[in-house]
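In: sequence and predicted structure are below.
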Amino acid sequence: MIDIVRASFNFDTPAPTEDQLIAYARRIFDEMDAAVEEFLPFNDYSLYLAVQEGSVKGLGKVAVAASALYVGIAQYGSFIQGVEIIKRQGCAVAEAIVSEAAKNEIGNPLPKKHTRVDAGAVSRLERLFVKVRDREIAPEEATLKALQVLDPTGAELPPEAQQEIAVALESLETYPEQLSLDLGIEEEFAPSAVPIPRPKRPIPIEQHLLVVIERKKRRSEPRLRKKYL
């Protein structure tokens, strides 16, 4: 399975009770499921959500089979366009997860500390496009990297996938090369020595409740498990 949605969050809030954390996780999971149904074009997918107390932090992921992702990309006409569209859709789901996670039990916003959203493997594919356009890597290298992202085992994509991806990456327009303006100024002002950080005091170990809700298939029942870390 290939991740196509990743949303992480961390909020400063008093530690919830076990019942409150489970209810919070269930609410986010339901929103994630609804957002996938609304934004993504896949018939089957898996959902994963982990939420941990100690303020409140969590990670939500949506994954699909490599073959399903390739077909989903191809339905938009070109490989490049399909990646860009599914990346936007995946990020919309991730934003919905973070938005729901940012509410407390009565719907008021939580103090924001840190959030991050992306479209998993699809975001990595789009970054490869940028590197080709910027002439950082050749289309041939980008093709191999794209195949590794889409099909790590090398067993799920159809035989014609490599050729289709190679043609798409070769078609990308590259940006003009930039002239080097290195005048040695950085060396002149470079620090003579790297300061040695002071050793940190050991942090007392506390146990925090972790709640995980996972569903392997679209039509299967979610499974909830909990443990202290």
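Out: Yes, it's here. Residues are numbered from 1 along each chain as shown.

In: residue 151 versus residue 165, what's the distance?
Out: Distance, residue 165 to residue 151, using Cβ to Cβ, to the nearest Å: 10 Å. In this view, the C-beta of every residue, glycine as well, is placed from N, C-alpha and C.

In: residue 112 too?
Out: 37 Å.

In: neighbour count winner among the two?
Out: Ranked by neighbour count (other Cβ atoms under 10 Å), residue 112 and residue 151 place residue 151 first, with 20 against 12.

In: how about the contacts made by the more buried one?
Out: 66, 70, 157, 161 (Cβ atoms under 8 Å, 6 or more residues apart in numbering).

In: go again with 7 Å.
Out: By Cβ atoms under 7 Å, 6 or more residues apart in numbering, residue 151 lies in contact with 66, 157.

In: same question for residue 209.
Out: Contacts of residue 209 (Cβ under 7 Å, 6+ apart): 18, 21, 52-53, 226, 228.

In: could you do residue 150 as well?
Out: 2, 66, 69-70, 121, 157.

In: shaky segments in this protein?
Out: Applying pLDDT under 70 to the chain picks out residues 105-108, 175-206.

In: would you map the helices across it?
Out: For the chain, the helices defined by DSSP state H occupy 18-39, 66-74, 79-101, 121-133, 139-150, 161-170, 185-188.

In: out of these, which gets nearest to residue 213?
Out: The closest of the helices of the chain to residue 213 is helix 18-39. By Cβ to Cβ, the value is 4.6 Å.

In: how distant is that closest one from the center of its chain?
Out: Computed by Cα atoms, centre = their mean, to the nearest Å, the chain-centroid distance of helix 18-39 equals 17 Å.

In: only the buried residues of it, if you could.
Out: 21-22, 24-26, 28-29, 31-33, 35-36, 39 (16 or more other Cβ atoms under 10 Å).

In: cool, and stretch 127-137?
Out: For stretch 127-137, by 16+ other Cβ under 10 Å, it's 128-129, 132.

In: out of the contacts of residue 150, who's the most crowded?
Out: That'd be residue 69 among the contacts of residue 150, by other Cβ under 10 Å, with 29 neighbours.

In: surely it and residue 2 touch.
Out: Yes. Contact criterion Cβ atoms under 7 Å: residue 69 and residue 2 qualify, at 5.4 Å.

In: adding distance to residue 214, write the buried residues of helix 18-39 out as JSON lines.
Out: Shown next, in JSON lines, are the buried residues of helix 18-39 (distance: Cβ to Cβ, whole Å):
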{"residue": "21", "distance to residue 214": "16"}
{"residue": "22", "distance to residue 214": "14"}
{"residue": "24", "distance to residue 214": "16"}
{"residue": "25", "distance to residue 214": "11"}
{"residue": "26", "distance to residue 214": "13"}
{"residue": "28", "distance to residue 214": "13"}
{"residue": "29", "distance to residue 214": "9"}
{"residue": "31", "distance to residue 214": "16"}
{"residue": "32", "distance to residue 214": "11"}
{"residue": "33", "distance to residue 214": "12"}
{"residue": "35", "distance to residue 214": "17"}
{"residue": "36", "distance to residue 214": "14"}
{"residue": "39", "distance to residue 214": "20"}
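
In: closest one to residue 7 out of those, please.
Out: Nearest member of the buried residues of helix 18-39 to residue 7, counting by Cβ to Cβ, is residue 32, at 8.0 Å.

In: one step back: ok, which of the helices of the chain comes nearest residue 207?
Out: Using Cβ to Cβ, the nearest of the helices of the chain to residue 207 is helix 18-39, at 12.2 Å.
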